[in-house]
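Asks: Next input, structure requested:
(2 chains)
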Amino acid sequence: MANMQAPPENAVILFDGTDLTNWHQKDGSPANWTIDEEGAMTVSKGSIISDETFDDAYVHVEFRCPDMPEAEGQAKGNSGVYLQGRYEIQVLDSYGWEVPGLGDCGGLYNQYAPLVNACKPPMQWQTYEIVFRAPRFDESGEMLEDARMTVLQNGKVVQNNVELDGPTGGQLDEDVGDPGPLLLQDHGNPVSYRNVWLVHLPPAGSDQYDPR
Amino acid sequence: MEFRIPATEGTGNSGVYLQGRYEIQVIADDVPDLPGLKACGCIYNQHAPLVKADRPRMQWQSFDAIFRAPRMDDGGEVSEQARVTVLHNGVVIQNNVSIAGPTGSHMDENIAEPGPLLLQDHGHQPVSYRNVWLVHLPEKASDEYEPK
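Replies: Next comes the predicted model:
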């Protein structure tokens, strides 16, 4: 398909347009969103959860909000991308607002509004590039650093190395020390997704020489 | 920004200093016994790159850096250290890391002040640069729920 970013060789492909075998629903049953002939899947009958789980990761998601001219606010093209099933980057038709708020597209829901409004109009494909750093703990299990994220929406930085204050609401669980999946939210609006993949990142670099 | 390590001369040692204070190391990937904390893409002596994403000498390479300046409290104390996320040739090598103060050979320690980009001359290392630009990011987003 044209204008899609090709995943790198070491990416884990979560959705390439063919099927939903890598996804399930909250109750464990198969994901059943609809897939069209162009390789897009559209919200239907519940949120879907990737079988793959991750700690630190680079995640690529493309999404498209439906055209809902009569709808307003949180009823307009609402969905969400949950990192580890716990930290939501809001998906919403926020196109046109001068100062987006804590519930708008590109925001980390109710914690960090996007730095700028990077939204495209409804029915246009948009991208999230997410660099996610899982929380860090000391040996006794106390949290040293909460989850951090840097997010680009359509190539523009909307979240700059921010540190979250715990899960953002509607999370799958509170097991913040464990790996978690990607969750795409059913918020009742027919938002579409395509070309979803991630690259696992190591927790730290090596300070030892690593010969090639 | 983009950089290129010279063909043969030396180690290709240079560096990109954010605010003139925090160095992302530039160096050839064929330097023997180079520890991660001094390898290309490291935050010098603080954070090794997560993976090796180098290209060979004479090939153009890119750094994309998303930088968050330190945050200060009302008393002028650092409440949050500088943080940075860096992609080297499109690969994430620094993931939202905190930088515990300026790295070596920084211009100054006025860490609450804005600072420039500095490209380092490490002496007899003809490293090349091109296509260098930045986008200012707002310090803070809205703290209200509703958009305006």
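Asks: Give me the residue at the spatial middle of chain B.
Replies: Relative to the mean C-alpha position of chain B, the nearest C-alpha, by Cα atoms, centre = their mean, is the one of B:Ile24, at 3.1 Å.
Asks: what's the answer for chain A, then?
Replies: Relative to the centre of chain A - Cα atoms, centre = their mean - the closest residue is A:Val81, sitting 3.1 Å away.
Asks: My guess is that one contacts A:Val91. True?
Replies: Yes - counting by Cβ atoms under 8 Å, A:Val81 sits close enough to A:Val91 to count as a contact (6.3 Å). (Glycine included, C-beta is placed from N, CA and C.)
Asks: Mutual contacts of the two, please.
Replies: A:Phe63, A:Gln185 (Cβ atoms under 8 Å, 6 or more residues apart in numbering or on different chains).
Asks: follow-up on the earlier one: give the bridge partners for the residue nearest to the centre of chain B, please.
Replies: Note on B:Ile24: beta-bridge partners by DSSP bridges are B:Val16, B:Ile43.
Asks: got a list of what it touches?
Replies: By Cβ under 8 Å, 6+ apart, the residues touching B:Ile24 are B:15-18, B:41-44, B:63, B:65, B:84, B:86, B:94.
Asks: For chain A, what's the nearest residue on chain B?
Replies: The minimum distance from chain B to chain A, using Cβ to the nearest Cβ, falls at B:Ala48 (2.9 Å).
Asks: how far away is that residue from A:Cys119?
Replies: 37 Å (Cβ to Cβ, to the nearest Å).
Asks: phi, psi of B:Leu37?
Replies: When quoted as degrees, to the nearest 10, the phi and psi of B:Leu37 stand at phi -70, psi 0.
Asks: Now it: closest residue in space that isn't a chain neighbour?
Replies: Closest residue to B:Leu37 in three dimensions, ignoring its sequence neighbours and counting by Cβ to Cβ, 6 or more residues apart in numbering or on different chains: A:Asp207, at 4.7 Å.
Asks: still on that earlier bit, could the contacts of B:Ile24 go into CSV alongside distance to A:Glu70, neighbour count and pLDDT?
Replies: Formatted as CSV, the entries for those read as follows, by distance: Cβ to Cβ, whole Å; neighbours: other Cβ atoms under 10 Å in any protein chain shown; pLDDT from 0 to 100:
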residue, distance to A:Glu70, neighbour count, pLDDT
B:Gly15, 55, 23, 96
B:Val16, 50, 20, 98
B:Tyr17, 52, 21, 98
B:Leu18, 47, 23, 98
B:Gly41, 50, 28, 97
B:Cys42, 53, 27, 97
B:Ile43, 50, 25, 97
B:Tyr44, 55, 20, 96
B:Phe63, 46, 20, 97
B:Ala65, 43, 17, 98
B:Val84, 43, 22, 98
B:Val86, 44, 27, 98
B:Gln94, 45, 28, 98
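Asks: out of these, who's nearest A:Gly155?
Replies: Checking these against A:Gly155 by Cβ to Cβ gives B:Ala65 as the nearest, at 14.9 Å.
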